[in-house]
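Novice: dropping a prediction and its sequence here:
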Amino acid sequence: MPHSLRRGALRLTAGIALICTFALAGCGRGGDTAATGTAEPVDDSPATGSVDVWAAQGDADVLEKVIEPFKADNPDVKVNFTLIPNGEYYTKLQSAVAAGKGPDVAQFFPESQAQFLDPSILQPVPDGLVDKGSFFKSLWDAGVVKNVAYTVPWYAYTYALVYRSDLADKAGVKAPTTWKDTVPFLKAMQDAGAGRGLAADIGWDIFNGQDVAMYAWQAGGSLFSSDGKWTLDTPEMAEAIKYNASFFTSGAADTSTPTFLDAQPYFTSGKTASMITGPWVIGQLDKAAGKDGWTASHVATAPLPAGDSSGASFSAGGSWGVLADSDNADASWKFVRHLAEPSTQVAQYKAYSSLPAVISAWDDPAIADQPLLDAFFTQMKNTRAFPQVTTWQQVATRLGKEIEAVAKGTESAEKAAANVQAYAESVGTGAE
């Protein structure tokens, strides 16, 4: 399933998934090794036995092909895949874990895996299994709690600016590098013939909340303090909400169109001139335009414009963990180690366009020779992980809803920030 459809599926099921982020730590799973936060090293002998793997449909659809070298090197191991529709995945995984009937290995999403990062659910990553420094730091950090790593990154994505280079050239403008340059850039492309300068996200949901969280970082703010407190009612958050609203109040974006599935057709037809989005769109624009080669001659990418503090974005993608009560932890970790190898992640890119979480894999010509991916690589090196608390998705969803009123001019940014802070304090962190 394309990345864009993964996001669409998450939109439809966010409410269900959030309801199901219950306190799994009380399920009575895991043994002494998990509880101490240490794990025995995994040797280089061939894997044996059976490994049950659960994953969400999408990037994992091609794994049977991608792991052919693993199967060749480990002829006495059998890998059994269960692919679950994305919108149902976490709900089914949580239910299976609670019942003690989970798989050996499970896929997670770094941006929304906090509820699983507990020794009663996942085994710690064994010492020496992988080099944590080989991954984008924010992706690795997303799997670490109290200095214990529970997941290994698999693929990566973040947001960057994707824009109509032909319209920018016509307008005589270059991609903005700061917030103050952004709306003028969007309006200039509008004056050059686009219907709107930006195809803004108008779902008013968790994804909008993630966007504004990103802008808060850029403004110098934080979302969560080192002593475990929500820090959302701040001047920096208010500035982030105002920046997001400026796209709409300036007329560069519309509060009602395009809807999610229309974003790419709007972009290729000139109804909009830019998107703040992930790398998956690059490979889909020729189809949306109905013409091979359209993207190369009409599109450019750039890192996100920076606020007063930084141009940070968020890290997202896929990761893997081994369940605490796996019947074959040795083979399971060897499977995860294989998926973390640069060659495997390049093979995954070639099979599904999943961009690697291992930095060195981006040097492969299959990726390095794609100039429109350069901005995403640059941006991936300037990313942060979302708060590792089980209620973050709920808080992000509320934040996404609050900013709708600001964008439509019926609420102040300061009031929206205060409302989100009050809501976050009411739901807590899931650790109480």
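Specialist: Perfect, thanks for sending it.
Novice: tell me the contacts of Gly290?
Specialist: Residues near Gly290 by C-beta atoms under 8 Å, 6 or more residues apart in numbering: none. Backbone N, C-alpha and C define where each C-beta goes, glycine included.
Novice: give me phi/psi at it?
Specialist: Gly290 adopts backbone torsions of phi 70, psi 30, taken as degrees, to the nearest 10.
Novice: do you know the pLDDT at the residue located most distally from the centre of the chain?
Specialist: Distance from the centre of the chain peaks at Asp76, with 34.7 Å (C-alpha atoms, centre = their mean). Looking at Asp76, its pLDDT reads 98.
Novice: distance check, the closest residue to it other than its chain neighbours against Asp73.
Specialist: Among residues not flanking Asp76 along the chain, Thr48 sits closest, at 4.5 Å (C-beta to C-beta, 6 or more residues apart in numbering). To Asp73, Thr48 is 12 Å away according to C-beta to C-beta, to the nearest Å.
Novice: also Thr277?
Specialist: To Asp73, Thr277 is 38 Å away according to C-beta to C-beta.
Novice: which stretches of the stretch 51-200 of the chain form strands?
Specialist: Here the stretch 51-200 of the chain has its strands, by DSSP state E, counting those that start in this stretch, at 77-84, 105-108, 144-145, 148-149, 152-157, 160-164.
Novice: before we move on, the earlier item: need the contact list for the residue farthest from the centre of the chain.
Specialist: Going by C-beta under 8 Å, 6+ apart, Asp76 touches 46-49.
Novice: which among the residues you listed gets closest to Pro176?
Specialist: Taking C-beta to C-beta as the measure, Pro176 lies nearest Ala47 of these, at 49.5 Å.
Novice: which residues of this protein score low on pLDDT?
Specialist: 1-39, 431-432 (pLDDT under 70).
Novice: can you report how many residues neighbour Asp61?
Specialist: Applying other C-beta atoms under 10 Å, we find 16 residues neighbouring Asp61.
Novice: over to the one 10 residues further on?
Specialist: Neighbour count for Lys71, taken as other C-beta under 10 Å: 14.
Novice: about what we covered before: distance of the residue nearest to Asp76 from Gly87?
Specialist: 35 Å.
Novice: look at those two and report which has more neighbours.
Specialist: A direct count of neighbours by other C-beta under 10 Å for Thr48 and Gly87 places Gly87 higher, at 19 against 15.
Novice: now, of the contacts of Asp76, which are buried?
Specialist: Taking 16 or more other C-beta atoms under 10 Å as the criterion, what is buried in those is Ala47.
Novice: in JSON lines: the contacts of Asp76, plus secondary structure and distance to Gln393.
Specialist: Listed next are these as JSON lines, based on DSSP: H, G, I helix; E, B strand; the rest coil; distance: C-beta to C-beta, whole Å:
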{"residue": "Pro46", "secondary structure": "coil", "distance to Gln393": "39"}
{"residue": "Ala47", "secondary structure": "coil", "distance to Gln393": "34"}
{"residue": "Thr48", "secondary structure": "coil", "distance to Gln393": "38"}
{"residue": "Gly49", "secondary structure": "strand", "distance to Gln393": "35"}
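Novice: related to what we said a few turns ago, so which of Thr277 and Asp73 has more stuff around it?
Specialist: Neighbour count, other C-beta under 10 Å: between Thr277 and Asp73, Thr277 has more, with 22 against 13.
Novice: so what's the more buried one up against?
Specialist: Contact partners of Thr277, counting by C-beta under 8 Å, 6+ apart, are 159-160, 162, 263.
Novice: how much space separates it from Thr158?
Specialist: Per C-beta to C-beta, Thr277 is found 10 Å from Thr158.
Novice: out of the contacts of Thr277, flag the one nearest to Gln379.
Specialist: Ala160 (4.8 Å).
Novice: partners of that closest one in the sheet?
Specialist: For Ala160, the beta-bridge partners are Thr277 (DSSP bridges).
Novice: report how many residues lie close to it.
Specialist: By other C-beta under 10 Å, the residues close to Ala160 number 28.
Novice: test my guess that it contacts Phe377.
Specialist: No. Using C-beta atoms under 8 Å, Ala160 is not in contact with Phe377, being 9.4 Å away.
Novice: now Pro153: closest residue in space, sequence neighbours ignored.
Specialist: Going by C-beta to C-beta, 6+ apart, Pro153 has Ala357 as its nearest residue, at 3.4 Å.
Novice: so what's that neighbour up against?
Specialist: Taking C-beta under 8 Å, 6+ apart, we find Ala357 in contact with 135-136, 139, 153-156, 317-319, 340, 345.
Novice: mind listing what Ala238 touches?
Specialist: By C-beta under 8 Å, 6+ apart, the neighbours of Ala238 are 413-414, 416-417.
Novice: oops, could you answer that again for Pro305 instead?
Specialist: With contact set as C-beta under 8 Å, 6+ apart, Pro305 has these partners: 161, 176-179, 181-182, 311.
Novice: so which of those is the closest to Ala296?
Specialist: Leu161 (17.4 Å).
Novice: my guess is the closest one contacts Ala375, does it?
Specialist: Yes. Checked against C-beta under 8 Å, the pair Leu161 and Ala375 is within contact range at 7.2 Å.
Novice: overlap of the contact sets of the two?
Specialist: Common contacts of Leu161 and Ala375 (C-beta under 8 Å, 6+ apart): 301-303.
Novice: ok, now which ones touch the nearest residue to Gly293 once chain neighbours are set aside?
Specialist: Of all residues not flanking Gly293 in the chain, Asp286 sits nearest, at 6.9 Å (C-beta to C-beta, 6+ apart). Shown in contact with Asp286 (C-beta under 8 Å, 6+ apart): 292-295.
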